[in-house]
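# Give the three-dimensional model of this entry:
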Amino acid sequence: MFRSALAAFAIAAATLLPASLSATTLDNGSGTLGSVSSFGYPDSQTYGQVFTAPVTGTLTSFTLWLDGAVANIVGGVGTWNGTAAFDYGFGSDTALFSSVSTPSVAGANTFTTNISVTAGNLYVAFLSVFGLDDIYATTSMPLSDTVTPGIEYFVWNNGTNPNGNSSWNYFFNAGSVRFAATFEPSSVPLPASLPLALLALAGLGFVARRRNTSGAAV
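Okay, here's the model as predicted:
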């Protein structure tokens, strides 16, 4: 009887406790569909990718690829005031993250962000040379060959500060560039009734043990 009560206690406790949460990744494969150019001063100073947050939690990092280095860049993330379908006139209302100036590389340019996001909301992750225009260099950004839910469309911003800028200057739908992002879901809060439920189950186990002990004494 006592062992049965303990088993029931363990099963109930496991049911009431939240399941462990794992990281979620958006990744649209390789960039073999061609490239979009020209990124860098004196041409388009900001290239960005619009995405939908798959979870409520933390955007821990994002990666955008370049075909070549353009000296220093800044990585950033902002809100996006448009829709998941491409259209004109959208932009970034609020800057959520902006890195320090960092050397760019040909290939993956990754930034650790650790900013809060909400599932279903749109955001834009971008690379920019705005304010770093003492360097004259341009390159291209590879377009993805894979349609991935949550990775929406590529945008750019010609010459204006992307941080908090509400109107970007893009003119056609180019699809999506090579993009990846990692998210950590928010922890699930424990049910308010959990402490009382566990206490009650523990009491049942104690009673079962007392009965078992009393029966053995007789």
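
# CA atoms only for stretch 101-119 - export them in PDB, please.
The C-alpha coordinates for stretch 101-119 follow below in PDB (Å, rounded to 0.1, in the frame of the first residue of the first chain):
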ATOM      1  CA  SER A 101      31.100  48.300 -34.300                       C
ATOM      2  CA  THR A 102      32.700  44.900 -35.100                       C
ATOM      3  CA  PRO A 103      34.700  43.600 -38.100                       C
ATOM      4  CA  SER A 104      32.600  41.900 -40.700                       C
ATOM      5  CA  VAL A 105      33.600  38.500 -42.200                       C
ATOM      6  CA  ALA A 106      32.800  36.700 -45.500                       C
ATOM      7  CA  GLY A 107      30.300  34.100 -44.300                       C
ATOM      8  CA  ALA A 108      28.400  34.000 -41.000                       C
ATOM      9  CA  ASN A 109      28.100  37.200 -39.000                       C
ATOM     10  CA  THR A 110      26.600  36.300 -35.600                       C
ATOM     11  CA  PHE A 111      25.500  38.600 -32.800                       C
ATOM     12  CA  THR A 112      24.500  37.600 -29.300                       C
ATOM     13  CA  THR A 113      21.300  39.700 -28.500                       C
ATOM     14  CA  ASN A 114      19.500  38.300 -25.400                       C
ATOM     15  CA  ILE A 115      16.400  40.500 -26.000                       C
ATOM     16  CA  SER A 116      12.700  39.700 -25.100                       C
ATOM     17  CA  VAL A 117      10.400  38.700 -28.000                       C
ATOM     18  CA  THR A 118       6.700  37.800 -28.200                       C
ATOM     19  CA  ALA A 119       5.400  34.800 -30.200                       C
END
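
# Just the buried residues of it, please?
Buried residues in stretch 101-119, counted by 16 or more other Cβ atoms under 10 Å: 104, 109, 110, 111, 113, 117. C-betas here are computed from N, CA, C, even on glycine.

# Just the element for residue 49, please.
Per DSSP states H and E: residue 49 is located in strand 46-52.

# Stretch 39-47: end-to-end distance?
Taking Cα to Cα, to the nearest Å, the first and last residues of stretch 39-47 lie 7 Å apart.

# hey, where'd the helices end up in this structure?
2-16, 194-217 (DSSP state H).

# which residues touch the closest residue to residue 126 other than its chain neighbours?
Spatial nearest neighbour of residue 126, chain neighbours left out: residue 48 (3.3 Å); criterion: Cβ to Cβ, 6 or more residues apart in numbering. Residue 48 makes contacts with 92, 124, 125, 126, 127, 154, 155, 156, 157, 162, 168, as judged by Cβ atoms under 8 Å, 6 or more residues apart in numbering.

# how much space between the fourth one and residue 111?
As defined by Cβ to Cβ, to the nearest Å, residue 126 lies at a distance of 10 Å from residue 111.

# Show me the common contact partners of the two, please.
Common neighbours of residue 126 and residue 111, using Cβ under 8 Å, 6+ apart, are residue 75.

# Kindly state the domain boundaries assigned to this protein.
Using automatic domain parsing, the domain ranges for the chain come out as 2-17+192-217, 24-185.

# mean pLDDT for the ones you listed: which is lowest?
Sorting those by mean pLDDT places domain 2-17+192-217 lowest, at a mean of 48.

# Fine, thanks again, bye for now.
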